[in-house]
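Trainee: Quick one: sequence and predicted model below, then my questions.
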Amino acid sequence: MYPFKFRIFKVSLFVAFLFLGCKDKQITKASESLIDELPEDPASIVDGKSLPLISHIYTADPSAHVFEGKLYIYPSHDFESGVPEDDLGSHFDMKDYHVFSMDSIGGDVTDHGVALHIKDVPWAGRQMWAPDAAKKGDMYYFYFPVKDTSDIFKIGVATSEKPFGPFEAKEQPIEGSYSMDPAVFEDSNGTYYMYFGGIWGGQLQRWAGGSYKGGDSYPNADQPALTPKIAKLADDMLGFAETPKDVQILDKKGDPLLAGDNGRRFFEAAWVHKYNGNYYLSYSTGDTHNIAYAIGDNPYGPFTYQGVILKPVLGWTNHHSIVEYNGKWLLFYHDSSLSGGKTHLRNVKVTELLYNKDGTIKTKDAMVE
């Protein structure tokens, strides 16, 4: 970890470059090299250090994909909203999304500008939270959660012919969608699935039986925990091809993880990737701040809990994605180092994901990277 004063100086330097006439929207290694105290490589994963990829705006919840031979990052866009903080995340009152791309880890990161704004979503009320994206054919699909005018989270979809947008939102949210944190997984046979859901502010606890109940209803500590949902996407990628199903997460005895098992149970931020024929479900444990994972033999699960990928970071939340690029597996995540620990002003980071010989994942400790 580098001292916060160096990060503040880094941001100031970037602003100065813009003021002096830097016409593009790239965060370049040239600006970094002017500071001897900071590494030349702003996104180094070679020496074990992980610095913010983006420092001119606050970003979080990075969904990373490889499109057109590049890494594209689809994060949420934090800003100081002025909304008082509470356990439901009301202070995360984001209004738009930017898309970023990079050709290599440690290279330039390009900000492609606003890809979608809340004012351009006809049904939206407030709070544009963690998004994801997918490509099918020549079209790109952008999936995003936002509360409707009744303050209920739904998941929307927008389309573009370019991976960075701008995206045009559909008139209505995806039918049958609810809660937040959509993550789209393309299986090797070309089938697409969406995983979604999150408790507390994510409202998953209000959807017992698939219909909105209004009040919060959590299972008792000794009952099975709430789980993420899965739905196969329709051929046109604009809706579900089936009713969403529960994704079971089991312990190694084959029993469901319990609601009181806060160190292991699902909270939010489901993500699925495939490695050596197995399906890896990773997710945030929320109030215990781990990124944990479980392994299954098909997209629907059940998934058996394995351990922790990433220990707690600076800040309350963490939200990640996993992608293979140029022969390496990469773990994108966020912390609050750029803002000095403010939980609602976060920044995206990346580090290398490493596997053991048996296919389990080596645990990372972001606080010592």
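Mentor: Nice, thanks for sending it over. Numbering: from 1, shown residues only.
Trainee: Grab the nearest non-local neighbour of residue 145.
Mentor: Leaving aside its sequence neighbours, residue 145 sits nearest to residue 180 (CB to CB, 6 or more residues apart in numbering; 3.6 Å). Bear in mind the C-beta positions are built from the backbone N, C-alpha and C, glycine included.
Trainee: Quick check: that neighbour vs residue 139, distance?
Mentor: 24 Å (CB to CB, to the nearest Å).
Trainee: More neighbours: those two, which one.
Mentor: residue 180 (28 against 13; other CB atoms under 10 Å).
Trainee: ok now do the more buried one, which residues does it touch?
Mentor: Taking CB atoms under 8 Å, 6 or more residues apart in numbering as the criterion, residue 180 is in contact with 129, 130, 145, 153, 155, 196, 197, 198, 202, 203, 268.
Trainee: Format those residues as CSV; extra columns: neighbour count and distance to residue 336.
Mentor: Shown next, in CSV, are these (neighbours: other CB atoms under 10 Å; distance: CB to CB, whole Å):
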residue, neighbour count, distance to residue 336
129, 25, 17
130, 30, 16
145, 27, 21
153, 27, 23
155, 23, 26
196, 29, 24
197, 31, 24
198, 28, 19
202, 25, 19
203, 24, 24
268, 27, 17
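Trainee: In strands only, show me those residues.
Mentor: Judged by DSSP state E, the contacts of residue 180 include 145, 153, 155, 196, 268 as members of strands.
Trainee: ok, the first one - contacts?
Mentor: In other words, residue 145. Contacts of residue 145 by CB under 8 Å, 6+ apart are 128-131, 153-156, 179-182, 196.
Trainee: Repeat the analysis, applying 10 Å as the threshold.
Mentor: 76, 127-132, 153-156, 173, 177-182, 196-198, 202-203 (CB atoms under 10 Å, 6 or more residues apart in numbering).
Trainee: Same check on the second one?
Mentor: The neighbours of residue 153, taking CB under 10 Å, 6+ apart as the test, are 125, 127, 129, 145-147, 173, 177-181, 196-198, 201-204, 206-207, 212.
Trainee: Show me the strands in the stretch 101-250 of the chain, by range?
Mentor: With strands called from DSSP state E, counting those that start in this stretch, the stretch 101-250 of the chain shows them at 109-117, 124-126, 132-136, 139-148, 153-160, 168-169, 183-186, 192-196, 229-232, 245-246, 249-250.
Trainee: Taking strand 132-136 as reference, get the angle to the fourth one.
Mentor: Read that as strand 139-148. Angle, strand 139-148 to strand 132-136, by axes from the mean of the first three to the mean of the last three CA atoms, to 10 degrees: 150 degrees.
Trainee: strands paired with strand 139-148, and their directions?
Mentor: strand 124-126 (antiparallel), strand 132-136 (antiparallel), strand 153-160 (antiparallel) (DSSP bridges).
Trainee: do the first one as well
Mentor: For strand 109-117, the paired strands and their directions (DSSP bridges) are strand 26-27 (antiparallel), strand 96-102 (antiparallel).
Trainee: Would you agree residue 147 is in contact with residue 203?
Mentor: Yes. Using CB atoms under 10 Å, residue 147 is in contact with residue 203, at 8.8 Å.
Trainee: Common neighbours of those two, please.
Mentor: With CB under 10 Å, 6+ apart, residue 147 and residue 203 have common neighbours 153, 154, 180.
Trainee: how about the nearest residue to residue 336 once chain neighbours are set aside, what does it touch?
Mentor: Residue nearest to residue 336 in three dimensions, not counting chain neighbours: residue 315, with 3.1 Å by CB to CB, 6+ apart. Residue 315 is in contact with 60, 289, 334-347, counting by CB under 10 Å, 6+ apart.
Trainee: Show me which of these are buried.
Mentor: 60, 289, 334-339, 342-347 (16 or more other CB atoms under 10 Å).
Trainee: tell me which of the residues you listed is nearest to residue 242?
Mentor: residue 60 (30.3 Å; CB to CB).
Trainee: Could you give the bridge partners of the closest one?
Mentor: Bridge pairing for residue 60 - DSSP bridges - gives residue 76.
Trainee: Assess the claim that it and residue 98 are in contact.
Mentor: No. Using CB under 10 Å, residue 60 makes no contact with residue 98, being 11.6 Å away.
Trainee: Common neighbours of those two, please.
Mentor: Counting by CB under 10 Å, 6+ apart, the shared contacts of residue 60 and residue 98 are 75, 76, 77.
Trainee: Can you lay out those as TSV showing pLDDT?
Mentor: Putting the shared contacts of residue 60 and residue 98 into TSV (pLDDT from 0 to 100) gives the following:
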residue	pLDDT
75	98
76	98
77	98
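Trainee: Can you tell me which of the residues you listed has the most neighbours?
Mentor: So for these (other CB under 10 Å), the most neighbours sit at residue 75, 29 neighbours.
Trainee: OK, contacts around that residue?
Mentor: Neighbours of residue 75 in contact, by CB under 10 Å, 6+ apart: 53-54, 57-64, 94, 97-100, 130-131, 319, 321, 332, 334, 346-348.
Trainee: how does it look with 6 Å?
Mentor: Neighbouring residues of residue 75 by CB atoms under 6 Å, 6 or more residues apart in numbering: 59, 60, 61, 62, 348.
Trainee: Residue 161 now?
Mentor: Applying CB under 6 Å, 6+ apart, no residues contact residue 161.
Trainee: make it 7 Å
Mentor: Contacts here follow CB atoms under 7 Å, 6 or more residues apart in numbering; on that basis residue 161 touches 138, 139.
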